[in-house]
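Undergrad: Give me a 3D structure for the following:
(chains A, B, C and D)
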Number of protein chains: 4
Amino acid sequence: MPPSVSVFGAAGFTGALTARLLHRHPSFELRSLTARSDQGRHLDELYPQHRVPVLLEELDVDRHAEVDAAVVAYPHGAAAPLVAELRARGVRVVDLSADFRLHDAGVYGRWYREHQAPDLLPGALYGLPERYREQIRGADLVANPGCYPTATLLALAPLARAGLIADVVIDAKSGVSGAGRAPSEKTHFVSADENVGAYGVPAHRHIPEIEQELGALGADVRVTFVPHLVPLDQGELVSCYVTPTAGAPTDGDELAALYAEAYADEPFIELAEKPPGVRDVRETNICRISVHRDPRTGRVIVFGAIDNLWKGAASQAVQNLNLMFGLPEDEGIGPTRSRTAQVLA
Amino acid sequence: MPPSVSVFGAAGFTGALTARLLHRHPSFELRSLTARSDQGRHLDELYPQHRVPVLLEELDVDRHAEVDAAVVAYPHGAAAPLVAELRARGVRVVDLSADFRLHDAGVYGRWYREHQAPDLLPGALYGLPERYREQIRGADLVANPGCYPTATLLALAPLARAGLIADVVIDAKSGVSGAGRAPSEKTHFVSADENVGAYGVPAHRHIPEIEQELGALGADVRVTFVPHLVPLDQGELVSCYVTPTAGAPTDGDELAALYAEAYADEPFIELAEKPPGVRDVRETNICRISVHRDPRTGRVIVFGAIDNLWKGAASQAVQNLNLMFGLPEDEGIGPTRSRTAQVLA
Amino acid sequence: MPPSVSVFGAAGFTGALTARLLHRHPSFELRSLTARSDQGRHLDELYPQHRVPVLLEELDVDRHAEVDAAVVAYPHGAAAPLVAELRARGVRVVDLSADFRLHDAGVYGRWYREHQAPDLLPGALYGLPERYREQIRGADLVANPGCYPTATLLALAPLARAGLIADVVIDAKSGVSGAGRAPSEKTHFVSADENVGAYGVPAHRHIPEIEQELGALGADVRVTFVPHLVPLDQGELVSCYVTPTAGAPTDGDELAALYAEAYADEPFIELAEKPPGVRDVRETNICRISVHRDPRTGRVIVFGAIDNLWKGAASQAVQNLNLMFGLPEDEGIGPTRSRTAQVLA
Amino acid sequence: MPPSVSVFGAAGFTGALTARLLHRHPSFELRSLTARSDQGRHLDELYPQHRVPVLLEELDVDRHAEVDAAVVAYPHGAAAPLVAELRARGVRVVDLSADFRLHDAGVYGRWYREHQAPDLLPGALYGLPERYREQIRGADLVANPGCYPTATLLALAPLARAGLIADVVIDAKSGVSGAGRAPSEKTHFVSADENVGAYGVPAHRHIPEIEQELGALGADVRVTFVPHLVPLDQGELVSCYVTPTAGAPTDGDELAALYAEAYADEPFIELAEKPPGVRDVRETNICRISVHRDPRTGRVIVFGAIDNLWKGAASQAVQNLNLMFGLPEDEGIGPTRSRTAQVLA
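TA: This next block holds a predicted model:
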């Protein structure tokens, strides 16, 4: 019998997409969907494109917790109490919020609010499979990474691990779906269309998450991170400008080799010679990366492109679930990388 | 001393644009702006692109009515009471809402709600300058046409006046600014982007306005009118499929001549050989029209393109004000049509 | 051993997508790709998003024809000679061009050019599975329908079959991918962005195809058909304005029942209460339809939305291949319609 | 009698827009337009939106040089010979190409090709009015700055002049019109739509221009500059990440004061508290700037937004012409900055 999963908070963009992926997943049974709005409607009324004819129900923890696993797609702060309840009932959880990404409740408190379930933090695992694959297999509480940290960490990990990052500026560009489903001035078509601008300046909440994980890789740096909104729906690009440490390779080929080796066996990491575009990875779980060295300045420039709703949220959650339940890592979230692209790099 | 004008309801898209046009108008003095939201902010905080450093104030009719003219940009239904107050104080009014477009309060009641100032209807003039130019000069209350009726009536008037319309289907396409400033699921970038679909089916509120004015031109028809939302900010296209009456010209050249004569002296009507695109008229007061005859079916096909916020609302309001105050009709709302385009047609 | 398939003309948008669908298809073996440009490159260099690491080769009919089936994605006129060569070698063909859609070589000659393989016309089958499913199973040469005819015929078939169409205006809107991969003024971003306009007025080449098939259904009408370009990449909407015959139902429920019955068992037809948007069907083989009756005019209004590259071309080609080789009709081109949408209609 | 001006190369985006601005300019007479394509057509056939009913002629230097001034909108390399001919006839020139921006022919040669008129370089003036206003008044050959350098230099000048720039990363985002009118894979709607990606990595040709002018301001740095293509037509944003020198202010207010003082009297520089969006400056000659200090890293972050076709090319050319002919600097290229925005900053 396939493991049963429920999605909590399925009316939002990421919850709904997770529901779609699980609804068609060969090895999970999508048991139920809860929502904080639109209760009583079917998901395919809200999102015809997902084709999930499942009812959105009001949360009834006793009933909805009778599953093997849960994906929680609640806002930051609101997730922790629900996750605590689910964990108390033995449900394995992938949480899409920021609530369990930061190991330190104090840091969380400074960037978000007082943590509602700090005792769960030690047991929570940061769910970036390319980094913590083995640990995720045995985890019961996985904190799905933020979209920006996902792209950034995948783009920078080989440099960080090799001790090559002295300083880094991360200029990120995201499609409007990253701002969520709630209508606002920012998400109004007339605001976003034919526009591009920065937001969250100078200190976006994804910074501590990026710094925590870069630090764990050995790069103890304070990052400059600035996100921009671009007029497209799904897609996210990080442009990383790295000031390398003294011993860094001064040669593009050495850099290419570093990345090729680091990602030799990664099904969802695609290396490219030319800078990737977000169209290249739309509706996939793939992160497409290119690395360049500027001989004039010595800087290393790395680009990473993902689909913010997929690898940046929903398909990465399913990738984590696949690992937690011993399934093939790419099941239900294909395609994997294309071989030519890999060879070319 | 230039006539003074206030804009009531300047926080919305059309009110704000009217304020911009009047702020830079050589012959009007923009006296004040009122708003139902965002009071206390300057208009250029909400709309930097308009560059109108004027305060948005809470309505104080006694004070704000001390002007020569008013542009009212309130929602349908909310406009009538304010217009009544302004008229009672002798202010000349251009009203952007639907409240004074329909002569018959009963028709208005069926499509909108009970009329709040029916006694003003007999004195209200339908503000389509290309149709009622002379009457507008002397009018004190001008009902600015809806955006769809503006494009449709300009596209069909020569045929209607010539008695050539037996039946007509109007398929309209509008940019998202037509839905107004209020954020909603419909105006969310992720809903409108990469999408196109009809709305207001089968009976949009602009129908009675179109039928009233076609009827006044001699075309007593029931129109089929269906608007669609397209992923762009400003611009509106009407595609009109006319089944002609028996005596209609069966020749494209005769049709072209009919239009060339009808619009020979119109500064803001541009005739084109090829179907117009809305880019051709973006941020102008111009309606660009092409007329075609399908020899296979005998149908006459007319396209009309406008900028829904300009000719469909704000710049047409200023065109009306120019007429009401004896100013050059194109003052402050240039450019006028290009001569080559006219010659080519 | 799975049937082998080659795609001829895989560098264009529809050929490349067909290659992607076949590359991941569980029951076909994608044998080779030919192209008239970009020979020597891999398809995933041109289209990273498709992830097909297969070489684009120069055509060598002797070699490339050693397959069970071929998809030909050549321009109109260029396809016929290649199709003739492939058929002469016994290869079963799905042709994406217009060359075998019209039964009458004379009609083809008037709208396109002199036909290059008229003797193949009697054996060619019009590949609209919802219409000719059984015949396609045994066919060796299937003419894949045009994108506009696909959406139009699916939207109108129930009315046509019931004898209810006296006259019809079809106003179509297509994304820019419909114009093909060749860069041109029309496909330049700066031309298409923030624009909407008609083209192919008054007589687009898809008209004879629509009329042939409506006629075969019993609706012997001359259609008015006008396509428009809208600023999006993939997606196509047809808005059909039907003047019904005398005996037509005057009731929306009867119309809904007519459609529900006609499409009760169709896996790729989705009926909706509200007008569909093209986002609803993006990257699917589904046609989503809504039908409405305007009580004021008596007109029946039908909307049909498809993805022009999928159901309008590539996935419909695979749907035809599935039928031709006795495979499940939806294999490799899921998802199928969502049940809730069906029930709601 | 107003000075006469011709535009050479008026069929491209920037030449055509320059023609539009001059055609409506109160104090210049637009004498003629030449083009290297589309000769014999009127400009308003190519660009209906510009409404310039003037013929595009084949170049006849003898005849077309009988003007007081010329704007040359030729590609890099092709401009120099024409500019030399025009200067030899005494015509005052604003050149939109890169040919006269770099003082050093050797540097030009490394980034472009061998210079065709190196003897003119000493007399050429870099046409950034906010920097070289007085010199431009007397210049006969003005090299109009590149779009990226314009935004970058305006964003960084106050810091550079104050000696505060130790290092800088410039991440730029441009709309597709920056790639010019020629259709290509890059400018195809389907390539650019729903996409964002870097290009010109690691060494774009605008780098030497930026470094030359930053150096002249006292900042002798090697810049990291990476442009990205974003899915919009007109608009350009530069995000500048400055590592400040030791003595730099550590306080946002001091930075704001620095900029406020530097740009106190600049009609086309708008300072804002929040990061600017390119919509804020669309179809204007304005550069909108915000400056921020990241207390965590000490970095100074400056954003500059322009319209690449206006301030980045055509309207800046007219601004230069205004200065050269002693006209009000903002004539024909309004509006100027809005006061509230200034006060807020």
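Undergrad: Kindly state the pLDDT recorded for the residue lying closest to A:D294 once chain neighbours are set aside?
TA: Closest residue to A:D294 apart from its sequence neighbours, by CB to CB, 6 or more residues apart in numbering or on different chains: D:P202 at 3.9 Å. Using the backbone N, CA and C atoms, a C-beta is placed for each residue, glycine as well. Here, the pLDDT recorded for D:P202 equals 83.
Undergrad: Tell me, how many residues neighbour D:P202?
TA: 19 (other CB atoms under 10 Å in any protein chain shown).
Undergrad: Tell me where the stretch 201-345 of chain A has helices.
TA: Using DSSP state H, counting those that start in this stretch, the helices assigned to the stretch 201-345 of chain A run over residues A:207-216, A:252-262, A:314-324, A:339-344.
Undergrad: what comes into contact with the third one?
TA: Think helix A:314-324. With CB atoms under 8 Å, 6 or more residues apart in numbering or on different chains as the test, helix A:314-324 has contacts from A:5, A:14-15, A:17-18, A:20-22, A:25, A:27-28, A:69, A:71, A:92, A:94, A:96, A:127-129, A:133, A:136-137, A:139-140, A:142, A:144-145, A:150, A:268, A:284-285, A:307, A:310, A:327-333.
Undergrad: Out of those, which end up buried?
TA: The neighbour count (16 or more other CB atoms under 10 Å in any protein chain shown) marks A:5, A:14-15, A:17-18, A:20-22, A:25, A:28, A:69, A:71, A:92, A:94, A:96, A:127-129, A:136-137, A:139-140, A:142, A:144-145, A:150, A:268, A:284-285, A:307, A:310, A:327, A:329-333 as buried among these.
Undergrad: what sits against the residue nearest to A:D294?
TA: A:H292, A:R293, A:D294, A:P295, A:R296, A:R299, A:I301, D:V226.
Undergrad: do A:G146 as well
TA: A:A98, A:R101, A:H206, A:E209, A:G312.
Undergrad: where does it land on pLDDT?
TA: pLDDT recorded at A:G146 is 98.
Undergrad: Distance of it relative to A:A198?
TA: 17 Å (CB to CB, to the nearest Å).
Undergrad: and the residue in the stretch 1-150 of chain A positioned nearest to chain B, how many residues sit next to it?
TA: Of all residues in the stretch 1-150 of chain A, A:F13 sits closest to chain B, at 7.3 Å by CB to the nearest CB. Residues lying near A:F13 (other CB under 10 Å) number 21.
Undergrad: Give me the below-cutoff pLDDT ranges for chain A.
TA: Applying pLDDT under 70 to chain A flags the ranges A:340-345.
Undergrad: per-domain residue ranges of it.
TA: A:4-144+A:313-324, A:148-308 (automatic domain parsing).
Undergrad: Quick one, which of those gets closest to D:A246.
TA: D:A246 lies closest to domain A:148-308 among the domains of chain A, at 16.1 Å (CB to CB).
Undergrad: Off-centre distance for the closest one?
TA: 12 Å (CA atoms, centre = their mean, to the nearest Å).
Undergrad: wait, doesn't A:G304 sit right on A:Y148?
TA: No: assessed by CB atoms under 8 Å, A:G304 is found out of contact with A:Y148, at 10.0 Å.
Undergrad: I'd like to check which residues are in contact with the closest residue to A:V226 other than its chain neighbours.
TA: In space, and not counting its chain neighbours, A:V226 is closest to A:A198: 5.3 Å by CB to CB, 6+ apart. Contact analysis of A:A198 by CB under 8 Å, 6+ apart lists A:V226, A:P227, A:H228, D:L237, D:S239, D:P275, D:F303.
Undergrad: Identify the residues contacting A:H42.
TA: A:V52, A:P53, A:V54, A:L55, A:L56, C:T340.
Undergrad: A:H64 too?
TA: A:S6, A:F8, A:S32, A:T34, A:E57, A:A70.
Undergrad: Please confirm that A:Y132 is located within a strand.
TA: No: A:Y132 is assigned helix when assessed by DSSP: H, G, I helix; E, B strand; the rest coil, not a strand.
Undergrad: ok and the residue in the stretch 201-345 of chain A nearest chain D?
TA: A:G277 (3.5 Å).
Undergrad: Spatially nearest residue to that residue, not counting backbone neighbours?
TA: Here the residue nearest A:G277, using CB to CB, 6+ apart, is D:G197, at 3.5 Å.
Undergrad: so what's the one you found bridging to?
TA: Beta-bridge partners for D:G197, by DSSP bridges, are D:L229.
Undergrad: ok, it to D:N308 distance?
TA: 17 Å.
Undergrad: How about A:A317?
TA: A:A317 sits 39 Å away from D:N308, going by CB to CB.
Undergrad: Then A:D119?
TA: 54 Å.
Undergrad: more neighbours, these two?
TA: Neighbour totals were compared for A:D119 and D:N308, and D:N308 leads with 27 against 9 (other CB under 10 Å).
Undergrad: Which residue, other than its chain neighbours, is closest to A:D95?
TA: In space, A:D95 is closest to A:V72, 4.7 Å off (CB to CB, 6+ apart).
Undergrad: quick one, what contacts that neighbour?
TA: A:F8, A:G9, A:A79, A:L82, A:V83, A:L86, A:V93, A:V94, A:D95, A:L96, A:S97.
Undergrad: Can you flag which of those belong to helices?
TA: Cross-referencing the contacts of A:V72 against helices under DSSP state H gives A:A79, A:L82, A:V83, A:L86.
Undergrad: neighbour-wise, which of these leads?
TA: A:V83 (27 neighbours).
Undergrad: Flag every residue of the stretch 151-300 of chain A that's near chain C.
TA: Applying CB under 8 Å from any CB of the partner chain, we find that the stretch 151-300 of chain A lies next to chain C at A:E194, A:E270, A:A272, A:P276, A:R279, A:D280, A:V281, A:R282, A:E283, A:T284, A:R288.
Undergrad: Could you point out which of those is nearest to B:D233?
TA: The closest of those, once distances to B:D233 are taken by CB to CB, is A:E194, at 6.5 Å.
Undergrad: burial of the closest residue in space to the closest one that isn't next to it in sequence, as a residue count?
TA: Once flanking residues are discounted, A:E194 sits nearest to D:L232: 4.5 Å by CB to CB, 6+ apart. For D:L232, the count of nearby residues is 28 (other CB under 10 Å).
Undergrad: Okay, buried residues for stretch A:261-275 please.
TA: Buried residues in stretch A:261-275, counted by 16+ other CB under 10 Å: A:A262, A:Y263, A:E266, A:P267, A:F268, A:I269, A:E270, A:L271, A:A272, A:K274, A:P275.
Undergrad: What about chain D: which of those touch it?
TA: Answer for those near chain D (CB under 8 Å from any CB): A:P275.
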